[in-house]
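**Q** Fold the following and give me the result.
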Amino acid sequence: MKLTVIGCAGSFAGPESPASCYLLEAPFEGRTYRLLVDLGSGAFGPLQRYSTIRDIDAIALSHLHADHCFDMSGFYVVSRYHPEGAFAQIPVHAPEGADEFLVSAYGVEENTGMREQFAFSPWEDGGTVQLGPFTVTSARVNHPVPAFAFRISTDTRSLAYSGDTGPTDALIDLVDGVDVFLCEASFVESGTNPPNLHLTGAEAGRYATDGKVGRLLVTHIPTWTDRAEVESDVKTTWDGRYELVTAGATYEL
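**A** Residues are numbered from 1 along each chain as shown. You can find the predicted model right below:
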């Protein structure tokens with residue numbers, strides 16, 4: 001499994017990175033299968049450095065905040081109006097109501113087009129879907145809108161992605177023993193942080209420690225947050241391998 005960080009800025013696109021977007025690739029039936037996890041503000045352009053858009057096989061959206069899904073509008077334009085012809089319909093797994101939400105976000109009056117290009121399916125808390133070589137288990141997490149974390153596995157490797165979440169027991173089983181835990185850390189321990197919204201680096205580290213994960217990748221750090229302080233927080237609860245990810249970074253699992 002290969003992970004490419006397309007965008008990792010928290011809450012909004014920053015000067016060094018688009019908002020959340022991750023490309024997962026793995027061999028499948030004699031070719032490379034490509035799963036896109038989130039497609040936040042500003043991510044669709046840089047995505048094209050790493051994959052032909054027509055080669056994206058499926059999309060998994062953790063939740064329907066702008067920094068995780070709004071560049072679906074650009075994907076829709078390319079998939080429907082490409083001069084070489086419209087794309088085959090692409091599976092999109094997302095929270096309930098994503099089709100209506102994204103149609104509204106795009107702003108079309110005739111609202112069937114996006115549903116023709118994307119086959120929307122809702123996540124179920126604790127449910128599992130098979131997308132090519134990837135087995136994806138979803139878990140409802142702690143955020144102001146319906147939001148999901150994922151455990152994404154092949155026959156030999158596993159990755160957990162927190163999505164956006166405040167502290168939640170839902171992550172405990174999901175991250176247990178994974179090779180890589182891609183976890184948000186939008187807050188710092190020294191801050192006055194609103195509840196039920198995001199994690200600190202220390203909280204991310206604690207989940208990684210309790211889950212005995214192989215490697216912690218810290219993401220979704222907003223531009224206004226001091227990355228050095230997030231890193232210091234991580235090290236108070238986690239003594240294993242870790243990295244604060246940057247846009248364009250790749251990882252072979």
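
**Q** mind listing the strands for the stretch 101-250 of the chain?
**A** Under the criterion DSSP state E, counting those that start in this stretch, the stretch 101-250 of the chain contains strands at 118-122, 128-131, 134-140, 148-153, 158-161, 180-184, 215-219, 242-244, 250-252.

**Q** Neighbouring strands of the last one in the sheet, and parallel or not?
**A** Just to be clear, that refers to strand 250-252. Paired neighbours of strand 250-252 in the sheet (DSSP bridges): strand 2-7 (antiparallel).

**Q** likewise the fifth one?
**A** With DSSP bridges as the criterion, the sheet partners recorded for strand 158-161 are strand 148-153 (antiparallel), strand 180-184 (parallel).

**Q** P27: helix or strand, and which one exactly?
**A** Using DSSP states H and E, P27 sits within strand 21-28.

**Q** What residues sit buried inside that strand?
**A** Neighbour-count burial for strand 21-28 flags C21, Y22, L23, L24, E25, A26 (criterion: 16 or more other C-beta atoms under 10 Å). Every residue, glycine included, has its C-beta placed from N, CA and C.

**Q** ok, what's across the strand from the fifth one?
**A** With DSSP bridges as the criterion, the beta-bridge partners of E25 are K2, R34.

**Q** Quick check, it in contact with R31.
**A** No. Applying C-beta atoms under 8 Å as the test, E25 and R31 come out as separate, 10.2 Å apart.

**Q** Mind putting the strands paired with strand 158-161 into a markdown table with distance to T236 and mean pLDDT?
**A** Formatted as a markdown table, the strands paired with strand 158-161 follow (distance: least, C-beta to C-beta, whole Å; pLDDT from 0 to 100):
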| stretch | distance to T236 | mean pLDDT |
| --- | --- | --- |
| strand 148-153 | 22 | 98 |
| strand 180-184 | 15 | 99 |
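
**Q** A13 is nearest to which of these?
**A** strand 180-184 (15.7 Å; C-beta to C-beta).

**Q** Alpha carbons of stretch 58-76, as CSV, please.
**A** Extracted C-alpha coordinates of stretch 58-76, given in CSV (Å, rounded to 0.1, in the frame of the first residue of the first chain):
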residue,chain,number,x,y,z
ALA,A,58,-13.2,5.2,-5.7
ILE,A,59,-13.6,8.1,-3.2
ALA,A,60,-14.1,7.9,0.6
LEU,A,61,-15.3,11.1,2.3
SER,A,62,-14.9,11.3,6.0
HIS,A,63,-17.4,14.1,6.5
LEU,A,64,-19.0,17.0,4.7
HIS,A,65,-17.0,20.0,5.9
ALA,A,66,-15.5,22.2,3.2
ASP,A,67,-11.9,21.2,4.0
HIS,A,68,-12.7,17.6,3.4
CYS,A,69,-15.1,17.5,0.4
PHE,A,70,-15.5,20.8,-1.5
ASP,A,71,-13.2,20.0,-4.4
MET,A,72,-15.6,17.3,-5.4
SER,A,73,-17.1,20.0,-7.6
GLY,A,74,-13.9,20.2,-9.6
PHE,A,75,-13.8,16.4,-9.9
TYR,A,76,-17.4,16.4,-11.2
